[in-house]
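**Student:** Predicted model follows, preceded by the sequence.
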Amino acid sequence: MTDNWYINPAAPDGDEPGVQLESRRLWRQFHRLGTEMVITKTGRQIFPQMRFRLTGLDPKAKYVLLLDIVAADNCRYKFSSSRWVVAGKADPEMPKRMYIHPDSPASGDHWTRRVVSFHKLKLTNNIADRHGYTVLNSMHKYQPRFHLVRANSIAQLPYSTFRTYTFNETQFIAVTAYQNDKITRLKIDHNPFAKGFRDVGSGKGEKSDTDEPAPSSDEPTPSSDEPDEDEDALDVVGDAESSRLLPSAPAVESAPEVEGRSTLSFRPYEDNPSRNTACISGEGAGPRRP
């Protein structure tokens with residue numbers, strides 16, 4: 001199974017966590033076109049959903065699972081001539097919130113017996129939000145990050161080791177209305193709750209905020225216990241990182257990137273430094289090609 005999972009090479013406490021992104025083929029379909037996620041004042045769920053499979057956890061130890069979404073670079077984008085291009089320097093970001101999975105803390109046995117879903121996380125552009133949603137800027141690119149922490153309680157997080165996993169195919173650009181009609185079509189074709197799309201032909205369709213109701217629990221459906229048919233290759237594009245969370249963490253520096261693995265150091269609960277990328281107007285925002 002080591003060919004199918006990323007195993008943390010420096011795992012403390014004797015466990016060897018492996019994390020796999022669910023619905024990888026679907027994520028890659030969106031990524032090739034330039035994934036878009038709608039943000040609204042009232043909050044909008046993510047589709048495809050952020051869902052993971054875990055392995056190698058200590059069955060009796062307790063773990064806290066978290067997700068945050070940070071700026072992927074320091075650029076602002078626009079959709080022009082059927083493609084995303086850089087339009088200038090990014091706007092200032094609001095402090096990013098960590099979304100703690102509601103089952104946390106739970107045993108390793110609990111986490112490895114089911115698909116872990118973050119379907120309740122919502123995106124908003126409301127800077128005055130009081131619901132704990134993730135506040136994003138429209139026309140900016142973002143990177144979700146999954147965090148695994150061995151801890152008996154939430155109160156221990158400031159003194160615990162975070163293992164951070166990133167998947168390049170989950171990057172997206174936040175929008176207030178879909179720009180690419182191909183993304184709109186993919187959403188309609190694959191999201192069972194996408195019944196409220198309007199103006200589909202124009203590629204600017206929107207959905208009502210009730211089009212993506214959250215499942216009642218994280219228990220997988222009978223078919224979800226089986227991995228996706230394409231989940232037989234290494235899923236984790238980013239490396240698993242270990243970092244110590246301090247009550248007052250110093251500024252984080254960006255490390256050089258190695259193709260296929262992220263080497264960005266990270267301390268949760270502080271503002272994420274977007275990658276030190278020059279914003280050149282008109283530069284394409286799609287996936288890098290060799």
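**Tutor:** Yep, that arrived.

**Student:** so Leu66 sits right up against Pro102, yeah?
**Tutor:** No - counting by Cβ atoms under 8 Å, Leu66 does not reach Pro102; the two are 11.3 Å apart. To be clear about C-beta, it is placed using only N, CA and C from the backbone, and glycine gets the same treatment.

**Student:** if you count what's nearby, which of those two comes out ahead?
**Tutor:** Neighbour totals were compared for Leu66 and Pro102, and Leu66 leads with 22 against 11 (other Cβ atoms under 10 Å).

**Student:** Who are the contact partners of that one?
**Tutor:** Applying Cβ atoms under 8 Å, 6 or more residues apart in numbering to Leu66 gives the contacts Met98, Tyr99, Ile100, His101, Ser104, Phe146, His147, Val149, Pro268.

**Student:** rerun at 6 Å
**Tutor:** Shown in contact with Leu66 (Cβ atoms under 6 Å, 6 or more residues apart in numbering): Met98, Ile100, His147.

**Student:** Those residues in strands, which ones?
**Tutor:** Ile100, His147 (DSSP state E).

**Student:** which among the contacts of Leu66 gets closest to Val135?
**Tutor:** Met98 (12.9 Å; Cβ to Cβ).

**Student:** Tally up the residues packed near that closest one, please.
**Tutor:** 17.

**Student:** The one 10 residues further on too?
**Tutor:** Counted by other Cβ under 10 Å, the residues lying close to Gly108 total 20.

**Student:** what does the one 3 residues further on give?
**Tutor:** Trp111: 26 surrounding residues under other Cβ under 10 Å.

**Student:** Pro95 now?
**Tutor:** Pro95, neighbours per other Cβ under 10 Å, totals 9.

**Student:** got the phi/psi numbers for it?
**Tutor:** phi -60, psi 130 (degrees, to the nearest 10).

**Student:** pLDDT at it, what is it?
**Tutor:** As predicted, Pro95 sits at a pLDDT of 88.

**Student:** go on, the one 5 residues further on?
**Tutor:** At Ile100 the predicted local distance difference test score is 96.

**Student:** How about Val236?
**Tutor:** Confidence score, pLDDT, at Val236: 33.

**Student:** out of the contacts of Leu66, who's nearest Glu169?
**Tutor:** Once Cβ to Cβ is applied, the member of these that ends up nearest Glu169 is His147, at 18.2 Å.

**Student:** Which stretches in the stretch 51-200 of the chain count as strands?
**Tutor:** Along the stretch 51-200 of the chain, the segments classed as strands by DSSP state E, counting those that start in this stretch run 51-55, 62-80, 83-89, 99-100, 106-107, 116-117, 122-124, 134-135, 140-150, 161-166, 172-175.

**Student:** Take those strands and lay them out in CSV including distance to Leu26.
**Tutor:** CSV is the format used below for the strands of the stretch 51-200 of the chain (distance: least, Cβ to Cβ, whole Å):
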stretch, distance to Leu26
strand 51-55, 11
strand 62-80, 18
strand 83-89, 20
strand 99-100, 21
strand 106-107, 27
strand 116-117, 14
strand 122-124, 18
strand 134-135, 21
strand 140-150, 15
strand 161-166, 18
strand 172-175, 13
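
**Student:** closest to Leu33 out of these?
**Tutor:** strand 83-89 (9.6 Å).

**Student:** Pull out the buried residues from the closest one.
**Tutor:** Trp84, Val85, Val86, Ala87 (16 or more other Cβ atoms under 10 Å).

**Student:** The first one contacts Gly34, correct?
**Tutor:** Yes - under the criterion of Cβ atoms under 6 Å, Trp84 is in contact with Gly34, at a separation of 5.0 Å.

**Student:** what stretches of this protein score poorly on pLDDT?
**Tutor:** The model of the chain has pLDDT under 70 over residues 1-14, 194-290.

**Student:** would you turn the buried residues of strand 83-89 into TSV with distance to Thr42?
**Tutor:** Converted to TSV, the buried residues of strand 83-89 look like this (distance: Cβ to Cβ, whole Å):
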residue	distance to Thr42
Trp84	26
Val85	30
Val86	30
Ala87	27
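
**Student:** mind checking how far Ala128 is from Val135?
**Tutor:** 9 Å (Cβ to Cβ, to the nearest Å).

**Student:** out of those two, which sits in the busier spot?
**Tutor:** Val135 (20 against 7).

**Student:** mind checking how far the closest residue to that one other than its chain neighbours is from Thr124?
**Tutor:** Leaving aside its sequence neighbours, Val135 sits nearest to Met94 (Cβ to Cβ, 6 or more residues apart in numbering; 4.3 Å). Distance, Met94 to Thr124, by Cβ to Cβ: 10 Å.
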